[in-house]
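Asker: Predicted model and sequence follow; I will ask about them next.
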Amino acid sequence: MHPFDLKQMLMEKHAQHVVLIHFPIALFVAGVALDFAAQWTKRQALGFAAYTNLLLAAVMALPAVATGLVAWQWALAGHRVRGVLLLHMVFGLTSTALIVVVWLIHFRARRGAATVLPNYRLPLEFVGVALLAITGHLGGFLSGVNM
């Protein structure tokens with residue numbers, strides 16, 4: 001395999017998922033960190049940076065999920081999912097839903113007249129980061145990185 005073989009890079013059965021998944025993970029974790037910092041320091045600029053990161057995380061989570069489903073279809077030809085792959089898929093879809101919900105909470109607060117964010121978002125964001133960590137850990141086992 002040549003390191004710059006474009007055909008092999010694009011047509012590998014799971015390559016796109018492995019590449020794309022890092023964007024929503026990093027954006028969501030950074031968004032949560034910025035949101036906690038904005039809550040603590042009461043700085044609006046940090047709040048806007050958090051919102052932007054959460055928006056981009058929600059947008060980038062969709063192609064990451066799509067490429068994960070395509071990788072499953074290619075790797076297993078649509079056979080029944082079980083074991084670590086099933087856990088990875090369940091945690092991944094739950095993480096994606098939570099990323100979108102957290103962004104929607106921020107979106108509705110920004111769109112409304114009151115720009116005060118509800119305090120229940122902070123534990124929800126923490127749970128989202130924990131779910132992402134578990135999902136990534138399971139994905140590492142699937143890819144062979146953690147073996």
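Answerer: Perfect, I can see it now.
Asker: Spell out the residue ranges of the helices in this structure.
Answerer: 6-11, 15-20, 22-41, 44-76, 83-111, 121-143 (DSSP state H).
Asker: any chance of those in a markdown table, with mean neighbour count too?
Answerer: For glycine as for every other residue, the C-beta is placed from the backbone atoms N, C-alpha and C. Shown next, in a markdown table, are those (neighbours: other Cβ atoms under 10 Å):
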| stretch | mean neighbour count |
| --- | --- |
| helix 6-11 | 10 |
| helix 15-20 | 17 |
| helix 22-41 | 18 |
| helix 44-76 | 18 |
| helix 83-111 | 17 |
| helix 121-143 | 17 |
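Asker: can you list those helices in a markdown table and add mean pLDDT?
Answerer: Shown next, in a markdown table, are those (pLDDT from 0 to 100):
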| stretch | mean pLDDT |
| --- | --- |
| helix 6-11 | 57 |
| helix 15-20 | 78 |
| helix 22-41 | 95 |
| helix 44-76 | 90 |
| helix 83-111 | 93 |
| helix 121-143 | 92 |
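Asker: now residue 40: how far from residue 105?
Answerer: Separation of residue 40 from residue 105 (Cβ to Cβ, to the nearest Å): 18 Å.
Asker: neighbours around residue 120, how many?
Answerer: Using other Cβ atoms under 10 Å, residue 120 has 9 neighbouring residues.
Asker: What pLDDT does the model give it?
Answerer: On the pLDDT scale, residue 120 is placed at 93.
Asker: which phi and psi does it have?
Answerer: Dihedral angles of residue 120 (phi, psi; degrees, to the nearest 10) stand at phi -70, psi -10.
Asker: ok, now how distant is it from residue 99?
Answerer: Distance, residue 120 to residue 99, by Cβ to Cβ: 16 Å.
Asker: Residue 46 too?
Answerer: For residue 46, the distance to residue 99 equals 19 Å [Cβ to Cβ].
Asker: same deal with residue 54?
Answerer: 7 Å.
Asker: residues shared between the contacts of the two?
Answerer: Both residue 54 and residue 99 are contacted by residue 28, under the criterion Cβ atoms under 8 Å, 6 or more residues apart in numbering.
Asker: Much appreciated, bye for now.
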